[in-house]
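# Here is a sequence with its predicted model. Questions after.
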Amino acid sequence: MGEKRDRALRRVRERDAQALGLSFRNLESGDALGGHSVLSNGSCLTKRTLTEWVVSCNQLRYACCVLSRTYEGQVCSVARTLELIGERWTVLILREVFRGNRRFDQMQGALGIARNVLTARLEHLQEAGILERRRYQERPARYEYMLTEKGIDLWPVLMQMLIWGDKHLAEGGPPVYVEHRDCGGQPDEHLICDRCGEPLHARNVTRRPGPGLKAVA
């Protein structure tokens with residue numbers, strides 16, 4: 001299981017490096033830190049000034065930090081979970097799927113994310129068994145991304161993040177209200193409906209705009 005997870009994370013980091021216009025060969029050999037601008041295909045562009053060289057070094061250091069998402073030596077389920085969903089955009093992609101935006105263009109439009117980055121994140125979530133791709137149109141072939149049971153189990157994680165954010169960060173009020181589909185009650189901190197007492201889950205809630213969203217609009 002650990003080797004499979006490591007291989008999946010390695011593939012994600014390779015795709016991220018490509019999305020940044022870098023290659024692991026350049027990062028590891030230091031070619032991209034030399035006196036010339038070097039593309040991932042090895043071609044040379046132009047002589048760099050000292051300022052440009054420093055900026056490039058800082059960008060590459062940042063890229064290396066961002067791309068490193070493994071927590072070696074951490075025998076911890078929190079760390080292992082972060083290895084799967086701790087990358088930038090990943091939780092927001094899951095948020096959109098829970099909202100019903102399961103198609104690529106829907107997610108891309110809602111998030112404003114680069115298409116290559118979205119593709120990489122979706123492939124990662126499929127490899128992790130959190131999403132699965134299903135065809136909804138034959139000609140031309142089009143697909144949507146559905147949550148697996150493993151993915152649905154992340155709903156309480158996102159809800160606790162939402163509850164914490166509404167409590168501590170939503171100065172203008174909650175941007176979105178999550179409500180029990182049957183009675184209109186809202187989840188408490190234990191994800192129990194505050195009106196009827198029924199446990200809430202991904203399949204029995206709905207959403208409506210809150211005052212925080214209206215304030216921004």
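Looks like it came in fine.

# CA only for contacts and neighbour counts going forward, please
Fine.

# which residues of this protein score low on pLDDT?
Scanning the chain for pLDDT under 70 picks out the ranges 1-69, 215-217.

# which residues of it fall in helices?
Counting by DSSP state H, the chain has helices at residues 2-19, 24-29, 50-67, 77-85, 90-98, 104-111, 115-127, 149-152, 155-168, 211-216.

# Residue ranges of each domain in the chain, please.
2-68, 82-150, 155-216 (automatic domain parsing).

# and the residue nearest to Q186 when sequence neighbours are not counted, what does it touch?
With C-alpha to C-alpha, 6 or more residues apart in numbering as the criterion, Q186 has its nearest non-adjacent residue at 4.6 Å, and that residue is E179. Counting by C-alpha atoms under 8 Å, 6 or more residues apart in numbering, E179 makes contact with 185-187, 205-208.

# at 10 Å what do you get?
Contacts for E179 were tallied using C-alpha atoms under 10 Å, 6 or more residues apart in numbering; they are 185-187, 193-194, 200, 204-208.

# So what's the residue count around L92?
15 (other C-alpha atoms under 10 Å).

# quick revisit: which of the contacts of E179 fall within strands?
Among the contacts of E179, DSSP state E puts 205-208 in strands.

# what's the burial count for P209?
Residues near P209, counting by other C-alpha under 10 Å, number 12.

# ok, it to L94 distance?
19 Å (C-alpha to C-alpha, to the nearest Å).

# ditto for G109
14 Å.
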